[in-house]
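Visitor: coordinates only, no sequence provided:
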């Protein structure tokens, strides 16, 4: 159940966080949701034959909207410094692929759920939390986006749903692996996961 909600949260990230020059975080989220919805609702991109094109468009958005370094550092926590620069670079790439693989089909299954934008809370001068919810026929799912301002752009570094964050969800897994394995072994495990082994 929680995994499905996390899938919805990542869907909402795709729907809400294209980077733009700094404005209010809530405005950034709300303005850009329509750009991604255009991809998901495009009648030319309906059906199985267009799935690849739609996926490519969403992948391009993912690459722009996340602060992948910040997300990776926070996900690794104190273990980040155990990786050398080359390992850190590979981790960022593998983690990107793992997230995409885990959630792309959920994103593509979007079916016009209503999205409500509530408010933003500034966490610091350059960090904010944007509060939203997805309204389905049977429930409301609160989803909060933590965004960071770097070089004039608001980008996502975490997503919170039911008090569990994307970072927390993965940090436990990676900490558990690193408790028994070296950084090289962690990367090998992630390489196999990306390949579907």
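Guide: Yep, that arrived. Values in this document were obtained by computation on a predicted structure and should not be read as measured data.
Visitor: please identify which helix or strand holds residue 124.
Guide: Under DSSP states H and E, no helix or strand contains residue 124.
Visitor: let me see the backbone angles for it.
Guide: Dihedral pair for residue 124: phi -160, psi -170, per degrees, to the nearest 10.
Visitor: and it, how far is that from residue 168?
Guide: Per Cβ to Cβ, to the nearest Å, residue 124 is found 19 Å from residue 168. Where C-beta positions appear, they are placed from N, C-alpha and C, glycine not excepted.
Visitor: helix or strand with the lowest mean pLDDT in this protein?
Guide: One helix or strand of the chain scores below all others by mean pLDDT, DSSP states H and E: helix 2-14, with a mean of 51.
Visitor: need the strands for this structure, in chain order.
Guide: For the chain, the strands defined by DSSP state E occupy 114-122, 127-135, 140-150, 153-161, 164-165.
Visitor: need the mean per-residue confidence for the first one.
Guide: Across strand 114-122, pLDDT averages out at 88.
Visitor: any idea how many residues pack against residue 172?
Guide: Look at residue 172: counted by other Cβ atoms under 10 Å, it has 11 neighbours.
Visitor: measure it to residue 76 for me?
Guide: For residue 172, the distance to residue 76 equals 12 Å [Cβ to Cβ].
Visitor: more neighbours, residue 124 and residue 168?
Guide: Counted by other Cβ under 10 Å, residue 124 and residue 168 do not tie: residue 168 has more neighbours, with 14 against 8.
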